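> Provided below are the primary sequence and the corresponding predicted coordinates.
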Amino acid sequence: MDILMVGSIAYDSVTSPVGNVEDALGGSAVYAGIASRFHGNYLGLEQIGLVGVVGQDFKATDIAMLESHGLDLTGLEIAEGKTFRWEGSYHGDMGVAQTHDTQLNVFGDFDPKVPPQSTKPKVLFCANLVPMLQAKVLDQAKATRLSMLDSMNLWIEIAKDDLLSVMKSVDLIIINEGEVRMLTQDDNLIRASKTLIQMVGCQTLVIKKGENGVVAFHGGEIISLPAYPTDKVVDPTGCGDSFAGTIAAFLSSNDGELTRDELREALVRATVTASFTLESFGTSGLLDLTVELFNSRLNKFEKILS
């Protein structure tokens with residue numbers, strides 16, 4: 001298997017200054033999976049699998065859509081009960097979501113089980129989950145090239161030791177700038193990032209900075225990129241997950257030790273992908289994406305960077 005992704009599968013209801021959507025398909029595994037499958041199509045990746053749990057109310061049409069996009073759902077569990085639901089809104093610069101309602105439902109009892117045929121993926125991505133569940137996944141599956149994880153501020157607040165422990169078990173960590181400051185108790189981003197690398201011993205640390213782009217640390221070097229400039233900001237939900245899914249896809253298409261140039265190219269493509277997610281509610285920006293549209297924006301971004 002090229003990529004195995006483990007994370008949430010949800011129905012999101014989102015309100016932003018430009019409108020709203022109810023019960024849109026979402027969740028970290030969904031956004032990351034769709035993004036990685038898009039890139040995997042032109043990168044020659046064969047198998048991208050999702051591990052997650054949904055309730056009996058999960059729509060058959062959504063299962064069919066995910067499968068039609070080439071995602072392996074062997075690891076999808078359909079449990080008795082309702083699918084995870086989240087309701088939130090964005091205001092002002094839309095940098096942070098305001099949560100109005102969270103119904104974990106079957107996700108609250110999620111016990112990830114990696115299918116036997118998926119235990120040796122080239123890239124393993126533990127999307128945002130309880131750190132103990134991420135550790136369970138890492139016990140069941142061993143990446144042949146690279147393992148990645150994402151997290152959030154909640155786990156820093158209530159499960160910091162577990163999070164730091166699981167971070168020591170992966171090669172690449174993706175978190176945002178507020179989270180790295182929380183973990184290290186240091187407001188200086190560069191110093192905090194270097195401290196976190198020393199704390200957990202990861203090879204690569206990627207820091208998401210929202211509208212201010214991304215900074216990454218790898219092999220003693222720093223990569224800094226701006227966000228793709230867009231004036232069409234509709235729904236930031238899933239931007240970080242589609243960003244991570246793109247990184248997973250690009251890194252799965254290569255072999256050997258990760259290089260700075262390869263990581264930079266992955267970050268460039270991930271930044272462009274996230275900009276499409278941002279411009280529509282739910283996953284529609286990713287589902288409607290074509291190679292032609294992506295390459296056109298990628299070329300524009302590369303001109304900005306040159």
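Perfect, I can see it now. What you see is a predicted model, and the numbers here were worked out from it, not measured in a lab.
> Next, give phi and psi for residue 208.
The phi and psi values for residue 208, taken as degrees, to the nearest 10, are phi -80, psi 130.
> Give me the contact list for the lowest-mean-pLDDT helix or strand in the chain.
Lowest on mean pLDDT, DSSP states H and E among the helices and strands of the chain sits helix 153-158, with a mean of 93. Helix 153-158 has contacts (C-beta atoms under 8 Å, 6 or more residues apart in numbering) with 130, 131, 162, 163, 178, 179, 182, 183. C-betas here are computed from N, CA, C, even on glycine.
> how about that helix: buried residues?
Across helix 153-158, burial judged by 16 or more other C-beta atoms under 10 Å covers 155, 156.
> buried residues in the next helix or strand after that helix?
The helix or strand immediately downstream of helix 153-158 is helix 160-167, counting by DSSP states H and E. By 16+ other C-beta under 10 Å, the buried positions in helix 160-167 come out as 162, 163, 166, 167.
> what does stretch 291-306 give?
294, 297, 298, 301.
> quick one: which of those residues is nearest to residue 219?
residue 301 (23.9 Å; C-beta to C-beta).
> Could you report the pLDDT at that closest one?
You'll see residue 301 listed with a pLDDT of 98.
> wouldn't it be in contact with residue 269 here?
No: if you go by C-beta atoms under 8 Å, residue 301 and residue 269 don't touch, sitting 9.1 Å apart.
> For the least confident helix or strand of the chain, list the C-alpha coordinates in PDB.
These are the backbone C-alpha positions of helix 153-158, laid out as PDB (Å, rounded to 0.1, in the frame of the first residue of the first chain):
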ATOM      1  CA  ASN A 153      -4.300  22.100  20.800                       C
ATOM      2  CA  LEU A 154      -6.900  20.000  22.700                       C
ATOM      3  CA  TRP A 155      -4.500  17.100  23.000                       C
ATOM      4  CA  ILE A 156      -1.800  19.400  24.300                       C
ATOM      5  CA  GLU A 157      -4.200  20.600  27.000                       C
ATOM      6  CA  ILE A 158      -5.400  17.200  28.200                       C
END
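> ok now that helix, how far from the chain's centre?
17 Å (C-alpha atoms, centre = their mean, to the nearest Å).
> for stretch 62-78, same thing?
17 Å.
> Next, the distance between the ends of it.
13 Å (C-alpha to C-alpha, to the nearest Å).
> Other residues contacting that stretch?
Residues contacting stretch 62-78 (C-beta under 8 Å, 6+ apart): 1, 4, 6, 9, 25, 30, 33-34, 37-38, 40-41, 47-56, 58, 110, 112-115, 117-118, 287.
> Any of those buried? List them.
Buried among those by 16+ other C-beta under 10 Å: 1, 4, 6, 9, 25, 30, 33-34, 37-38, 40, 47-55, 58, 110, 112, 114-115, 118.
> ok so, going back, from the contacts of helix 153-158, which single one is nearest residue 123?
residue 131 (19.6 Å).
> Relative to residue 118, how far out is that closest one?
According to C-beta to C-beta, to the nearest Å, residue 131 stands 21 Å off from residue 118.
> residue boundaries of the strands in the stretch 201-306 of the chain?
Per DSSP state E, counting those that start in this stretch, the stretch 201-306 of the chain carries strands over the ranges 204-208, 214-218, 221-225.
> now these in a markdown table, with distance to residue 192, mean neighbour count and mean pLDDT?
Formatted as a markdown table, the strands of the stretch 201-306 of the chain follow (distance: least, C-beta to C-beta, whole Å; neighbours: other C-beta atoms under 10 Å; pLDDT from 0 to 100):
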| stretch | distance to residue 192 | mean neighbour count | mean pLDDT |
| --- | --- | --- | --- |
| strand 204-208 | 9 | 23 | 98 |
| strand 214-218 | 11 | 21 | 98 |
| strand 221-225 | 13 | 15 | 97 |
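> Could you dump those into TSV and include distance to residue 151?
Putting these into TSV (distance: least, C-beta to C-beta, whole Å) gives the following:
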stretch	distance to residue 151
strand 204-208	11
strand 214-218	16
strand 221-225	20
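> out of the ones you listed, nearest to residue 282?
The nearest among the strands of the stretch 201-306 of the chain, by C-beta to C-beta, is strand 204-208 at 19.9 Å.
> quick one, what contacts residue 138?
124, 126, 147, 166, 169, 170.
> Verify the stated contact: residue 146 with residue 258.
Yes: Residue 146 is in contact with residue 258 according to C-beta under 8 Å; the separation is 6.5 Å.
> Now for those two: what residues contact both?
In contact with both residue 146 and residue 258: 171, 172, 251, using C-beta under 8 Å, 6+ apart.
> buried stuff in stretch 94-114?
Quick answer for stretch 94-114 (16+ other C-beta under 10 Å): 94, 97, 105, 106, 107, 110, 112, 114.
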